[in-house]
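**Student:** pasting the sequence and the predicted model now:
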Amino acid sequence: RKAALLKRALSKHLNPKEGGEVDGGGDINVLLYSLLQSVSEREKLRLREAERYHETRVEQLTESAGEERARLIDMGRRMIEDLNKRGAEQLREVRRDALVLREETEEMRGVEERLRGEIASLKLRLHVAEGQKNEATKEAELLREKARGERMLEAAREIFSSPSGVIATSRSMESVDMKQFMMLQREYTALLKDHKLLQEKERSRDEEAEAAVAAGAKSQELEKIG
């Protein structure tokens with residue numbers, strides 16, 4: 001409507017002959033002012049609508065950003081909780097493995113100690129066995145020497161004694177070679193001396209045997225303690 005009035009006013013102003021008087025531009029100014037005011041109102045309305053749109057958009061973006069921020073925070077919290085949970089599980093597994101390893105180590109140490117004890121016991125038994133073997137060898141040698149001495153003593157008695165046990169007379173000595181007699185006499189004296197030595201060796205062997213028995217008993221006590 002204002003545009004139509006403005007068009008008519010302009011037509012009168014530009015063509016005064018067609019009817020209408022020129023009013024000196026007063027109507028035009030009023031119409032122009034009214035038109036500008038209308039345009040200004042529309043611009044203000046458009047600006048207000050744009051402002052409202054931007055405010056709404058900003059609110060939407062702010063709300064969306066808040067939701068995204070909350071979502072990211074929740075995601076990060078869940079990730080941290082999951083990492084903490086897995087870390088705790090791995091720590092428990094490591095501790096469990098360490099405990100098992102410690103128990104196995106203690107068990108191996110016990111086995112090692114038992115083996116050392118058994119080795120020491122075997123060494124002691126071997127030492128005792130070697131001593132017993134040496135004693136048996138010595139005893140066999142002593143028995144052989146004793147048997148030999150007894151045989152030689154018996155032979156000397158047969159030479160120097162009569163059947164009735166009386167020492168032979170000079171008459172019975174006539175049938176004996178003097179050289180052989182002197183040799184047998186020396187052997188007889190040596191045999192008596194050896195016989196005494198054998199007796200001393202037997203006493204020494206008995207003492208060593210008693211010491212070996214005592215050592216064996218001590219080794220058994222050590223084995224029980226071990």
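**Tutor:** Now that the structure is in, tell me what you want to look at. Residues are numbered from 1 along each chain as shown.
**Student:** ok, for Lys146, nearest residue in space, not its chain neighbours?
**Tutor:** Leu198 (5.4 Å; CB to CB, 6 or more residues apart in numbering). Every C-beta, even on glycine, is put in place using the N, C-alpha and C of the backbone.
**Student:** I'd assumed Ala147 was in contact with the one you found.
**Tutor:** No: Leu198 sits out of contact with Ala147 when judged by CB atoms under 8 Å, with a separation of 10.5 Å.
**Student:** more neighbours, these two?
**Tutor:** A count of neighbours by other CB atoms under 10 Å puts Leu198 above the other of Leu198 and Ala147, at 17 against 10.
**Student:** and what about that one, helix, strand or coil?
**Tutor:** Assigned by DSSP: H, G, I helix; E, B strand; the rest coil, the conformation of Leu198 is helix.
**Student:** and the pLDDT for it?
**Tutor:** Model confidence at Leu198, given as pLDDT, is 74.
**Student:** helices along the protein, start to end?
**Tutor:** With DSSP state H, the ranges of helices along the chain come out as 2-14, 26-160, 170-173, 178-225.
**Student:** re earlier: what about the residue nearest to Lys146, distance to Ile119?
**Tutor:** 39 Å (CB to CB, to the nearest Å).
**Student:** quick check: the gap between the residue nearest to Lys146 and Ala211.
**Tutor:** Leu198 is 20 Å from Ala211, by CB to CB.
**Student:** count the residues that sit near His195.
**Tutor:** His195: 16 neighbours (other CB under 10 Å).
**Student:** just Asp206 next, same as before
**Tutor:** 10.
**Student:** same question for Arg125.
**Tutor:** So Arg125, with other CB under 10 Å, has 14 neighbours.
**Student:** pLDDT value on it, please?
**Tutor:** So Arg125 comes in at 82 (pLDDT).
**Student:** same thing with Gly76?
**Tutor:** If you check Gly76, the pLDDT there is 89.
**Student:** again with Lys85
**Tutor:** At Lys85, pLDDT is 90.
**Student:** now do it against Arg92, distance only.
**Tutor:** With CB to CB as the criterion, Lys85 and Arg92 are 11 Å apart.
**Student:** in stretch 118-137, what's buried?
**Tutor:** Leu124, Gly131, Gln132 (16 or more other CB atoms under 10 Å).
**Student:** which residues touch the closest residue to the second one other than its chain neighbours?
**Tutor:** Setting aside the residues directly before and after it, Gly131 is nearest to Ala212 in space (CB to CB, 6+ apart), at 5.4 Å. Contacts for Ala212 were tallied using CB atoms under 8 Å, 6 or more residues apart in numbering; they are Val128, Gly131, Gln132, Glu135.
**Student:** wait, the last one touches Ser204, no?
**Tutor:** Put plainly, it is Glu135. No: using CB under 8 Å, Glu135 is not in contact with Ser204; the gap is 10.4 Å.
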